[in-house]
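Student: Only the shape, not the letters, is given here:
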């Protein structure tokens with residue numbers, strides 16, 4: 001987790017076979033690294049890149065950074081992200097190097113935990 005100018009940033013890594021996941025999360029079809037979406041006044045999600053292989057059985061690894069102003073918004077972000085990801089083919093979900101189950105309560109808990117560590 002990084003802290004910069006009163007904002008805290010958490011890294012998220014998603015392993016998935018859903019090739020359109022980045023477009024679905026950011027709400028647009030043409031995506032470049034560092035594209036972002038404002039989720040609320042206090043929360044921004046930024047696309048940080050991805051790694052894909054041509055092998056069909058290996059998932060793409062997608063990287064995001066989410067920034068919070070003053071440590072608020074974990075619950076709002078957890079609900080938003082869970083709603084976007086539920087039902088998708090997510091193989092692995094990692095927040096700040098901690099692999100967790102795709103569960104709204106677990107996403108909120110781990111984000112709050114990471115935000116209070118700093």
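Tutor: Happy to help now that I have it. The model shown is predicted, which means the values in this text are computed figures rather than measured ones. Numbers count the residues shown, from 1 in each chain.

Student: all contacts plus neighbour counts: C-alpha atoms, from now on.
Tutor: Noted.

Student: Buried residues, stretch 86-105. List them.
Tutor: 90, 91, 93, 94, 95, 102, 103, 104 (16 or more other CA atoms under 10 Å).

Student: And the furthest pair within the residues you listed?
Tutor: Maximum pairwise distance in the buried residues of stretch 86-105, criterion CA to CA, is 16.2 Å, between 91 and 104.

Student: got any ranges where the protein has weak pLDDT?
Tutor: For the chain, applying pLDDT under 70 flags the ranges 1-6, 70-72, 117-118.

Student: Which parts of it are strands?
Tutor: With DSSP state E as the criterion, the chain has strands at 2-4, 7-16, 36-40, 43-51, 60-69, 90-95, 98-100.

Student: These into CSV, with extra columns for distance to residue 75?
Tutor: Shown next, in CSV, are those (distance: least, CA to CA, whole Å):
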stretch, distance to residue 75
strand 2-4, 19
strand 7-16, 14
strand 36-40, 12
strand 43-51, 11
strand 60-69, 11
strand 90-95, 15
strand 98-100, 16
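
Student: if we compare those strands, which one ends up closest to residue 114?
Tutor: Within the strands of the chain, the stretch nearest residue 114 is strand 7-16; the backing value is 7.8 Å (CA to CA).

Student: For residue 116, find the nearest of the strands of the chain.
Tutor: Going through the strands of the chain one by one, with CA to CA as the measure, strand 7-16 comes closest at 10.2 Å.
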